[in-house]
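Chemist: No letters, just coordinates:
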Ligand code: C5P
């Protein structure tokens with residue numbers, strides 16, 4: 001009898017920026033307690049999973065050469081985590097990543113791929129698993145993976161994996177500046193610990209005003225409140241980011257911030273038209289590798305051309 005091979009399943013997944021990122025002190029498990037406001041952007045990756053005799057990961061697009069395709073690829077870890085959860089040993093799956101999100105860019109691209117893989121596999125393997133159950137598996141893969149499942153705008157606490165949705169009334173328009181090379185997230189956290197031991201770098205305040213600005217929907221109000229404790233550490237490791245941040249504001253953005261652990265810089269603009277103008281001017285300023293426009297918030301990992309998860 002011929003085995004029935006299920007058709008491949010494709011999922012689109014957003015990147016994220018942190019509108020607010022407050023980092024607590026180093027915990028005994030090597031992580032830091034965070035309070036962060038995640039915001040999902042229309043800059044996306046697409047992940048296709050297919051039954052295959054030769055399991056593995058293929059990567060195309062933005063930064064394809066910099067992505068490991070072995071056992072520590074986050075998408076492959078997602079395959080293994082979900083397979084273990086449902087008692088499948090030796091999952092015969094091929095994962096194809098089409099990248100738009102910069103690699104090691106502070107926009108949770110690897111986490112997005114893991115989240116998309118979890119969702120795609122529920123389709124391929126016909127699993128009756130909802131988003132909340134997937135989020136528990138996601139949190140074990142990486143701190144940013146649960147947010148990529150839900151998208152939107154959310155307050156994250158703990159390592160960043162405990163999420164509560166935040167009301168956001170407006171579509172915000174962003175320009176993203178990709179740097180020449182990525183930055184390692186653990187390295188940036190370690191640099192922040194070092195800066196804090198050596199002195200007393202200022203810390204961002206409460207997230208509450210950011211949440212209020214999101215509810216009001218006024219980009220000018222939000223622009224005044226963007227803040228990231230990791231920015232000083234990213235700039236310390238990559239001093240050129242100071243110039244990039246200045247250039248975005250000089251080009252007409254309302255404000256700029258390093259996204260997560262960087263080095264991508266995100267610039268908030270007053271509207272879509274302004275974002276296009278800022279992007280064009282920033283692209284000509286010679287301060288970054290590539291410029292993109294994006295808007296947010298957008299939904300989390302979603303089947304392309306199919307139904308939705310519970
Ligand atoms: O959870 P994830 O694997 O994405 O984290 C990557 C690294 O970033 C961790 O190993 C840790 O060094 C750092 N990190 C942290 N505190 C967090 C999240 C990440 O120190 N809340």
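Modeler: Yep, that arrived. For clarity, every value in this text was computed on a predicted model and none was experimentally measured. Numbers count the residues shown, from 1 in each chain.
Chemist: so where do the strands sit in the stretch 101-250 of the chain?
Modeler: 153-157, 162-165, 172-178, 227-228 (DSSP state E, counting those that start in this stretch).
Chemist: Let me have the ones you listed in CSV, extended by distance to the ligand and mean neighbour count.
Modeler: Yep, even glycine has a C-beta here, placed from its N, CA and C like the rest. Listed next are the strands of the stretch 101-250 of the chain as CSV, based on distance: least, CB to the nearest ligand atom, whole Å; neighbours: other CB atoms under 10 Å:
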stretch, distance to the ligand, mean neighbour count
strand 153-157, 9, 21
strand 162-165, 11, 14
strand 172-178, 19, 26
strand 227-228, 13, 24
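Chemist: With distance to residue 237 and mean pLDDT added, can I get these in a markdown table?
Modeler: As requested, the strands of the stretch 101-250 of the chain are exported to a markdown table (distance: least, CB to CB, whole Å; pLDDT from 0 to 100):
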| stretch | distance to residue 237 | mean pLDDT |
| --- | --- | --- |
| strand 153-157 | 23 | 98 |
| strand 162-165 | 28 | 98 |
| strand 172-178 | 16 | 98 |
| strand 227-228 | 14 | 98 |
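Chemist: so can I have a markdown table of those strands showing distance to residue 66?
Modeler: Shown next, in a markdown table, are these (distance: least, CB to CB, whole Å):
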| stretch | distance to residue 66 |
| --- | --- |
| strand 153-157 | 26 |
| strand 162-165 | 28 |
| strand 172-178 | 12 |
| strand 227-228 | 23 |
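Chemist: So which of those is nearest residue 270?
Modeler: Of all those, it is strand 172-178 that lies closest to residue 270, at 7.5 Å by CB to CB.
Chemist: Partner strands of that closest one and their direction?
Modeler: Under the criterion DSSP bridges, strand 172-178 sits next to strand 265-269 (antiparallel), strand 290-296 (antiparallel) in its sheet.
Chemist: And those strands: which comes nearest the ligand?
Modeler: strand 265-269 (18.6 Å; CB to the nearest ligand atom).
Chemist: So for the strand or helix carrying residue 282, what gets flagged as buried?
Modeler: Residue 282 is part of helix 272-283, with elements assigned from DSSP states H and E. Across helix 272-283, burial judged by 16 or more other CB atoms under 10 Å covers 274-275, 278-279, 281-283.
Chemist: list the contacts for residue 71?
Modeler: Shown in contact with residue 71 (CB atoms under 8 Å, 6 or more residues apart in numbering): residue 77.
Chemist: hmm, try it at 6 Å
Modeler: Residues in contact with residue 71 (CB atoms under 6 Å, 6 or more residues apart in numbering): none are found.
Chemist: that older thread, so which of the strands paired with strand 172-178 is the most surrounded?
Modeler: strand 265-269 (a mean of 28; mean count of other CB atoms under 10 Å).
Chemist: quick one, helices of this protein?
Modeler: 74-85, 109-124, 131-141, 145-150, 185-198, 208-216, 219-223, 231-237, 241-250, 272-283 (DSSP state H).
Chemist: out of these, nearest to the ligand?
Modeler: With CB to the nearest ligand atom, the closest approach to the ligand among the helices of the chain belongs to helix 185-198: 3.5 Å.
Chemist: Spell out which residues of the stretch 101-250 of the chain are next to the ligand.
Modeler: Proximity of the stretch 101-250 of the chain to the ligand, by CB under 6 Å from any ligand atom, involves residues 142-144, 159-160, 185-186, 189.
Chemist: got a markdown table for the residues you listed, with pLDDT too?
Modeler: Formatted as a markdown table, these follow (pLDDT from 0 to 100):
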| residue | pLDDT |
| --- | --- |
| 142 | 96 |
| 143 | 95 |
| 144 | 97 |
| 159 | 94 |
| 160 | 94 |
| 185 | 96 |
| 186 | 96 |
| 189 | 97 |
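Chemist: Just the buried ones among the residues you listed, please.
Modeler: By neighbour count, with 16+ other CB under 10 Å, those hold 142-144, 159-160, 185, 189 as buried.
Chemist: Now do the helix holding residue 282: which elements does it pack against?
Modeler: strand 172-178, strand 290-296 (3 or more CB pairs under 6 Å, 6 or more residues apart in numbering; DSSP states H and E).
Chemist: ok and the last one relative to helix 272-283, angle-wise?
Modeler: For strand 290-296 against helix 272-283, the angle by axes from the mean of the first three to the mean of the last three CA atoms, to 10 degrees is 160 degrees.
Chemist: Equivalent analysis for the first one, please.
Modeler: If you take the same axes, to 10 degrees, strand 172-178 sits at 10 degrees to helix 272-283.
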